[in-house]
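**Q** All I have is the shape, not the residue letters:
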Ligand code: SF4
């Protein structure tokens with residue numbers, strides 16, 4: 001499958017009052033056309049920063065280096081004007097809480113039609129037709145009533161469906177979904193994930209799904225990248241990751257959601273996530289790892305292909321700088 005997005009050696013630092021936070025530490029992964037790629041890890045590991053960097057929506061105190069190639073072009077070299085044509089059109093994003101993206105003072109119709117008019121250059125009448133079609137596509141059966149409602153008159157699940165409809169209004173090639181179901185109850189979560197799967201089959205876009213929940217990954221993702229403290233430590237097909245997790249951190253994460261597919265013994269995680277103002281040297285996971293060696297404390301393990309399609313950054317599996 002052709003690559004749609006290639007993130008190469010991405011470093012992001014934030015200047016803060018307390019020092020420089022080294023938030024991304026050389027992140028590399030790619031997303032292929034039509035696939036759902038999950039980025040999973042604990043809160044603060046850099047998943048959302050990765051998503052925002054793709055859209056170049058980082059705050060001014062961020063310093064960024066590396067490459068983000070979208071359809072072969074480096075987004076980090078684009079002007080603000082060029083990016084505006086990509087954001088919300090070629091690449092759309094859905095956030096965790098739709099109430100932060102929807103304006104409570106305006107009816108859904110006004111907000112949706114404004115977005116469609118802006119991106120598609122349609123007349124108000126045509127934009128309304130398009131909006132109703134999209135609302136039906138995301139499973140909302142009475143689009144006329146929805147367009148005439150204020151956000152607070154709708155449930156959380158309905159609001160998230162509306163955000164997905166708005167994100168899809170320009171027929172993007174890449175949908176970034178940042179914890180899209182975290183604020184919803186379990187039944188609605190399942191429906192939203194099924195909706196994303198259905199829409200992907202219908203519209204053929206790729207998805208970057210950001211989540212802390214391995215259950216979400218198991219249900220919908222084709223491939224997964226596991227993030228820890230600003231690094232991707234493992235990438236594999238979802239099935240392979242659950243059956244044969246290599247990195248000690250992935251094994252620890254999976255121990256929280258025991259899955260019958262796992263063949264390896266379960267090793268729960270100990271300790272807590274390090275501060276990125278002063279991250280551990282070498283492998284950032286070394287203070288929490290049961291297999292730490294001297295090399296681990298000094299040499300950063302690089303992500304390398306351990307078996308076909310299965311990448312890991314850990315000295316236990318060889319690779320650059322390992323003994
Ligand atoms: Fe553990 Fe070393 Fe592997 Fe890091 S590189 S996960 S410390 S064994």
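**A** Happy to help now that I have it. The shown structure was predicted, so the numbers you read here are calculated from the model rather than taken from an experiment.
**Q** can you count the residues close to the residue in the stretch 51-200 of the chain positioned nearest to the ligand?
**A** Closest residue of the stretch 51-200 of the chain to the ligand, Cβ to the nearest ligand atom: residue 66 (21.8 Å). Yep, even glycine has a C-beta here, placed from its N, CA and C like the rest. Look at residue 66: counted by other Cβ atoms under 10 Å, it has 17 neighbours.
**Q** Let's verify it: helix, strand, or coil?
**A** Following DSSP: H, G, I helix; E, B strand; the rest coil, the label given to residue 66 is strand.
**Q** That one reaches residue 25, doesn't it?
**A** No - Residue 66 sits out of contact with residue 25 when judged by Cβ atoms under 8 Å, with a separation of 10.6 Å.
**Q** what do the two both touch?
**A** Taking Cβ atoms under 8 Å, 6 or more residues apart in numbering as the criterion, residue 66 and residue 25 both touch residue 11.
**Q** sorry, back to before: quick one: contacts for the residue lying closest to the residue of the stretch 51-200 of the chain closest to the ligand once chain neighbours are set aside?
**A** Nearest residue to residue 66 in three dimensions, chain neighbours excluded: residue 10, at 3.7 Å (Cβ to Cβ, 6 or more residues apart in numbering). Residues counted as contacts of residue 10 (Cβ under 8 Å, 6+ apart) are 24, 26-28, 50, 53, 64-68.
**Q** Just the buried residues out of those residues, in ChimeraX syntax.
**A** Of these, the buried ones can be selected in ChimeraX as follows, counting by 16 or more other Cβ atoms under 10 Å:
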select :24,26,27,28,50,53,64,66,68
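**Q** for the stretch 51-200 of the chain, what spans make up the strands?
**A** 62-70, 73-74, 91-94, 174-178 (DSSP state E, counting those that start in this stretch).
**Q** Would you reformat those as JSON lines and include mean pLDDT?
**A** Below are the strands of the stretch 51-200 of the chain laid out as JSON lines (pLDDT from 0 to 100):
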{"stretch": "strand 62-70", "mean pLDDT": "97"}
{"stretch": "strand 73-74", "mean pLDDT": "96"}
{"stretch": "strand 91-94", "mean pLDDT": "92"}
{"stretch": "strand 174-178", "mean pLDDT": "94"}
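**Q** so can I have JSON lines of these showing distance to residue 148?
**A** Output for these, formatted as JSON lines (distance: least, Cβ to Cβ, whole Å):
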{"stretch": "strand 62-70", "distance to residue 148": "36"}
{"stretch": "strand 73-74", "distance to residue 148": "41"}
{"stretch": "strand 91-94", "distance to residue 148": "23"}
{"stretch": "strand 174-178", "distance to residue 148": "26"}
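**Q** got the residues of the stretch 201-323 of the chain near the ligand?
**A** With Cβ under 6 Å from any ligand atom as the criterion, the stretch 201-323 of the chain meets the ligand at residues 247-248, 283, 285-286, 289, 291-292, 296, 301, 314-316.
**Q** again, only using 8 Å
**A** With the criterion set to Cβ under 8 Å from any ligand atom, the stretch 201-323 of the chain comes near the ligand through 233, 247-249, 282-286, 289-293, 295-297, 301, 313-317.
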